[in-house]
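J.: Need coordinates for the following:
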Amino acid sequence: MTLLILVATGAWAETDVWTSIGPFGGSARALAISPRNSSVVYVGTTGGIFKTTDGGASWRLSNSGLPPGFIARCLAIDPQTPDTIYAGGSGKSGWTWNDRVFKSTDGGATWKGANSGLEDVIFVESLAIDPQNPGRVYAGTSACVLGACYNAAVFKTTDGGTSWSGVSSGLPWAAQTFALIGALAVDPQDSSTIYAGARGGGVFKSSDGGRSWNQVRAAPVAAGLVIDPVNPNTIYAAIANGVAKSVDGGATWDATNTGLPAANCCASLALDPQNTNTLYVGFYYGGVFKSVDGGLSWADTGLPRWDETHIAVPVDSENPSPGLAIDPQQSGTIYAATPGSGIFKSTDGARNWTAVNSGLSATSVMSVAVDARNAGTIYAATGVGVLKTTDGGASWSAAGSGLPGSSFIRSLVIDPLNSETIYAGIAGLGMFKSTDGGASWSGISPALDVRGYPGLVTVDPRNSGVLYAGDFERGGPGFSADMLKSTDGGVTWTSSGSFGNWFTALVIDPQNPNNVYAGDGWQIYKTADGGDNWSDIDVPLPADYDCDECTPISTLAIDPRDSNTVYSGGSIGILKSTDGGSNWRLMNSGLGTLSDWIGVAAIGIDPRDSNILYATISGKIFKSTDGAESWCEAVSGLTVTSVGSFVIDVATDTVYAASDGGGIFAITAPSTLRMSSNSSVWARLPTRQVHEFSRDGHCTPYRFPITAGKP
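T.: Numbers count the residues shown, from 1 in each chain. Next comes the predicted model:
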């Protein structure tokens, strides 16, 4: 039976759609420019594939048919039919990789999987299309997981991706570690000649369409390859310590490194098709150098280098390096896809660069904080520091002066009594405090004998001088953790207790701040006296649960209206206690399939109505309107692999979700009209949304004409 809920608020009610509000830019990798319309550019990012039709002035998501979390590591456009595009990469859900190659025949409007024959592949690292026969495509692959590699090879399709087969005879993968084919190039005049750049193996050449390969250059890394279209015997390879050049089809090679720094070189190459003496090379962690004399000498173009500015780079791929693409019609126009700051464009041969990120949301946001006293002010903890908006996401600016660059900010908390004061917990680097709305920061880490530093921090909602911080790795070769407490705003700290593992969750009871809960992955700890004493809370794991590497306790949430109601989320799903943690019950109805590695990462409770909750599982957001008794998926608009935290802003009636690789998503006026437990009494609460609910917890958001009164 399906229950239809309507609300009298106007002619139409909008569906629940999560909308990206930035921060714009982020981690971008693969680039491809249409050979017939240089205003059309595609970019692969951690937030999916984006497309511009105005030369980068604005970007829009081009993801229909791609799974949430798909990272395009490479893109290739059919030179004869530019609306046909291939995207190679990986889709990751928990620790499962799948969906290696997708194909679009309508300019990126829709995508379909093209993976037959690639079932044993984890990553597709490179793609190359035969310019004379575009149905013939080569894919360079990798199968590396946690240090082990399998079936890294070259695959070939002759039917436009309908089926693939391995063509790797002569490639020495059995002895390689972290082997991958990072670059492929097809000779534009003789398509039976293909070059492959292999990390760990050097450069290989095939003269028979991939049936057999021979090594033509041994090198630690070969991450980029380009062929001179005028003289195909001239090939350039980006290797570990510079650029190598061959003028005899790979038979001999010379180093062409004058002007190139030795560090972090080299990861990507681009050659100007209209002036083949002009090349660009991209460095690991940023930076682009240019040569105008066929590689004899190089000069820095001024694109920011992350290894020099110490800005952290999100680890979304094996190659955190700029993707490069030169406009085939206007050779002075070049795009660089960076590992931390989105897309840059130059129209004067790389003398000047301009960020072109409007609409491009590919930022990894670890934590989000909303200023309850100033509508529209939001802080985002990202891989490039703390960013701030004062207009609800329309524009963002850096707010991280004084923070260390290479920082993984696990928690970001605004003082509830003074919103100019903000705390950041940075894993491995300690705690930092700002008293001027993020304009400047200073360290407030405790002077304790700790080997690791706190990554989780939270503030007493009634006394902002009281802070708790979760430490990790204290002493010894194993893991242990201290709970640290300050009563003077972080000036001094004391140990409030020692525990058995690093902390994954830390929450304070807003009704009674003496109640604090902490989770260390497997165990929950509670204090009812402000940290003087702690007690262990046993979590009721399933009898057959056996996973040493899993995290049953990833997040905790306390009902803001009822101190006795506590939720825990993790790899076993959602647990609920209504007696302050003494007893727990699984509340997974409607959450779908959970696995050891795919669990609940965040739980949010609506402060106006405790029956309304949100929970995240990978790239899906679920919602409950009955106190977690049942859940329905409310994912419309999300395109990311995971969501790590929620903030519900009562003042603006908005829910904010921080995502890994897609920035911040927001939804305004979440549905609050619900059916009571006896299925006959209607509860009417402020709302501007419509939902269709069914008995089994499934719901489908939609548009519907509104009339007054109950259905």
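J.: The closest residue to Ser20 other than its chain neighbours and Trp18: what is the separation?
T.: Closest residue in space to Ser20, ignoring its immediate chain neighbours: Ser361 at 4.2 Å, by Cβ to Cβ, 6 or more residues apart in numbering. Placement of C-beta: from N, CA and C, glycine included. Distance, Ser361 to Trp18, using Cβ to Cβ, to the nearest Å: 11 Å.
J.: So if I had to pick from these two, which one is more boxed in?
T.: Ser361 (31 against 23; other Cβ atoms under 10 Å).
J.: My guess is the more buried one contacts Gly26. True?
T.: Yes - using Cβ atoms under 8 Å, Ser361 makes contact with Gly26 at a distance of 6.8 Å.
J.: How many neighbouring residues does Asn231 have?
T.: Asn231 has 11 nearby residues by other Cβ under 10 Å.
J.: OK, contacts around it?
T.: Val247, Thr276 (Cβ atoms under 8 Å, 6 or more residues apart in numbering).
J.: Tell me which stretches of the stretch 401-550 of the chain form strands.
T.: 409-414, 422-426, 430-434, 442-443, 456-459, 467-470, 481-486, 494-499, 505-508, 516-519, 524-527, 535-537 (DSSP state E, counting those that start in this stretch).
J.: In JSON lines, list these along with mean pLDDT and mean neighbour count.
T.: Shown next, in JSON lines, are the strands of the stretch 401-550 of the chain (pLDDT from 0 to 100; neighbours: other Cβ atoms under 10 Å):
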{"stretch": "strand 409-414", "mean pLDDT": "87", "mean neighbour count": "24"}
{"stretch": "strand 422-426", "mean pLDDT": "89", "mean neighbour count": "26"}
{"stretch": "strand 430-434", "mean pLDDT": "89", "mean neighbour count": "23"}
{"stretch": "strand 442-443", "mean pLDDT": "90", "mean neighbour count": "13"}
{"stretch": "strand 456-459", "mean pLDDT": "89", "mean neighbour count": "24"}
{"stretch": "strand 467-470", "mean pLDDT": "90", "mean neighbour count": "26"}
{"stretch": "strand 481-486", "mean pLDDT": "85", "mean neighbour count": "24"}
{"stretch": "strand 494-499", "mean pLDDT": "84", "mean neighbour count": "17"}
{"stretch": "strand 505-508", "mean pLDDT": "93", "mean neighbour count": "22"}
{"stretch": "strand 516-519", "mean pLDDT": "94", "mean neighbour count": "27"}
{"stretch": "strand 524-527", "mean pLDDT": "95", "mean neighbour count": "20"}
{"stretch": "strand 535-537", "mean pLDDT": "92", "mean neighbour count": "14"}
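J.: Export those strands as a markdown table, with columns for distance to Val292.
T.: Output for the strands of the stretch 401-550 of the chain, formatted as a markdown table (distance: least, Cβ to Cβ, whole Å):
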| stretch | distance to Val292 |
| --- | --- |
| strand 409-414 | 41 |
| strand 422-426 | 43 |
| strand 430-434 | 45 |
| strand 442-443 | 46 |
| strand 456-459 | 51 |
| strand 467-470 | 54 |
| strand 481-486 | 56 |
| strand 494-499 | 60 |
| strand 505-508 | 55 |
| strand 516-519 | 58 |
| strand 524-527 | 63 |
| strand 535-537 | 67 |
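J.: To Phe665, which of the ones you listed lies closest?
T.: strand 409-414 (16.8 Å; Cβ to Cβ).
J.: Tell me which strands the closest one pairs with, and in which orientation.
T.: Note on strand 409-414: by DSSP bridges, its sheet partners are strand 422-426 (antiparallel).
J.: and the partner strand, how far from the chain's centre?
T.: Distance, stretch centre to chain centre, for strand 422-426: 21 Å (Cα atoms, centre = their mean, to the nearest Å).
J.: could you give the angle of that strand to strand 430-434?
T.: 160 degrees (axes from the mean of the first three to the mean of the last three Cα atoms, to 10 degrees).
J.: Using PDB, write out every CA atom in strand 422-426.
T.: Output of strand 422-426 as PDB, limited to C-alpha atoms (Å, rounded to 0.1, in the frame of the first residue of the first chain):
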ATOM      1  CA  ILE A 422      36.200  28.100  15.000                       C
ATOM      2  CA  TYR A 423      38.200  25.000  15.800                       C
ATOM      3  CA  ALA A 424      39.800  22.600  13.400                       C
ATOM      4  CA  GLY A 425      41.100  19.100  14.200                       C
ATOM      5  CA  ILE A 426      43.800  18.000  11.800                       C
END
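J.: Check whether Trp396 really touches Gly385, as I assumed.
T.: No - taking contacts as Cβ under 8 Å, Trp396 lies outside contact range of Gly385: 11.2 Å.
J.: Mutual contacts of the two, please.
T.: If you check Trp396 and Gly385 against Cβ under 8 Å, 6+ apart, no residue is contacted by both.
J.: coming back round to it: give me the common contacts of Ser361 and Gly26.
T.: Gly47, Gly663.
J.: show me what contacts Ala153?
T.: Taking Cβ under 8 Å, 6+ apart as the definition, contacts of Ala153 comprise Val121, Thr141, Gly166, Val167, Ser168, Leu171, Trp173, Ile181.
J.: Looking at these, state which has the most neighbours.
T.: Counting neighbours by other Cβ under 10 Å, the top entry in those is Ile181, with 28 neighbours.
J.: I'd guessed that residue sits against Gly140; true?
T.: Yes - the pair Ile181 and Gly140 passes the contact test of Cβ under 8 Å, sitting 2.7 Å apart.
J.: Quickly list what's touching both of those two.
T.: Glu125, Ser126, Val154, Ala196, Gly197.
J.: How much space separates the third one from Ala87?
T.: So that's Val154. Counting by Cβ to Cβ, the gap from Val154 to Ala87 is 18 Å.
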